[in-house]
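Undergrad: Sequence plus predicted model, see below.
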Amino acid sequence: MSTEQAAPAREILRWEDVGDAARDLALRIHESGFRPEIVVAIARGGLLVGGALAYALGVKSCGSINVELYTGVDTTLPEPLLLPPHLDGASLAGRRVLLADDVSQSGLTLKLAVEIIERMGAEVRTACFYTKPQTVFVPDWSWRDTDRWIVFPWSAEPPVTGVRGE
C-alpha cells in the first residue's frame with residue numbers, strides 16, 4: 001500500500017483559452033444589458049482578465065485595485081488588505097463599473113473591492129474567469145465553476161529571481 005497522496009485535480013487555463021474565456025464573458029455581460037463605463041481589475045490576478053474584458057467590451061477606461069489576501073499557495077492573511085496605489089474615487093462616482101478578477105475562491109477579496117467601489121458612488125458588477133464552490137461572494141458573471149486547483153498561464157511559473165545563464 002502506497003503512502004503517497006495523489007496530486008490534487010487541476011484546472012489548467014492555457015493562453016489560447018484566455019481569449020475564449022474573455023469573449024464568452026463579454027458576450028454574457030453585453031447580453032445582460034449592463035454597459036460598463038469603466039473596468040477595474042483586482043491586482044494581480046485580475047489584471048489580464050480586466051484588460052481582456054475591456055477590449056472585448058470596447059471599454060477604454062480602466063483601472064486597478066490592489067487587494068492582498070493570498071500570501072502563498074493556500075496561505076492567507078486573516079482578512080483582505082487594501083494596498084496602494086489607491087483608486088481615484090471621484091472618477092468612479094456615478095459610473096457603471098465592471099470589477100474583474102481571475103477567480104472568486106474565498107470571495108473575500110471581491111467582497112471588499114465591491115464595498116470600496118460602491119462607497120465611491122459607483123454601480124458595480126463583477127466578472128471572474130472562475131468561481132469556487134466555497135466562495136462567500138458569487139460574481140455576477142463567471143466563465144467556469146470549479147473545485148479544482150487552477151493553474152493560470154500568467155502564474156504557472158515561479159517569479160524570475162536571477163539573471164539568465166547564472
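TA: Nice, thanks for sending it over.

Undergrad: Could you use CA atoms for every contact and neighbour count after this?
TA: Noted.

Undergrad: quick one: the strands in this protein?
TA: Counting by DSSP state E, the segments of the chain that form strands are 10-12, 38-43, 62-72, 75-83, 96-104, 123-131, 141-145, 149-151.

Undergrad: Least confident of those, on average?
TA: Lowest mean pLDDT within the strands of the chain: strand 75-83, a mean of 72.

Undergrad: burial count for Pro36?
TA: Pro36 has 22 neighbouring residues, counting by other C-alpha atoms under 10 Å.

Undergrad: Quick check: Trp149 vs Asp101, distance?
TA: Here Trp149 is placed at a distance of 16 Å from Asp101 (C-alpha to C-alpha, to the nearest Å).

Undergrad: Tell me which of the two has more neighbours.
TA: Remark: of Trp149 and Asp101, Asp101 carries more neighbours, 25 against 13, as counted by other C-alpha under 10 Å.

Undergrad: Specify the beta-bridge partners of Thr131.
TA: Here Thr131 sits in beta bridges with Ser104, Asp145, going by DSSP bridges.

Undergrad: thought Ala9 was touching Trp149?
TA: Yes: with contact defined as C-alpha atoms under 8 Å, Ala9 counts as touching Trp149 (6.5 Å).

Undergrad: Between the two, which contacts overlap?
TA: Shared contacts of Ala9 and Trp149 (C-alpha atoms under 8 Å, 6 or more residues apart in numbering): none.

Undergrad: mind checking how far the lengthiest helix in the chain is from the chain centre?
TA: If you go by DSSP state H, the chain has its longest helix at helix 15-32. Offset of helix 15-32 from its chain centre (C-alpha atoms, centre = their mean, to the nearest Å): 14 Å.

Undergrad: Could you list every helix and strand in contact with that helix?
TA: Judged by 3 or more C-alpha pairs under 8 Å, 6 or more residues apart in numbering; DSSP states H and E, the packing partners of helix 15-32 are helix 46-57, strand 123-131, strand 141-145.

Undergrad: would you list the ones you listed in a markdown table and tack on distance to His86 and mean neighbour count?
TA: Below are these laid out as a markdown table (distance: least, C-alpha to C-alpha, whole Å; neighbours: other C-alpha atoms under 10 Å):
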| stretch | distance to His86 | mean neighbour count |
| --- | --- | --- |
| helix 46-57 | 15 | 21 |
| strand 123-131 | 17 | 23 |
| strand 141-145 | 25 | 18 |
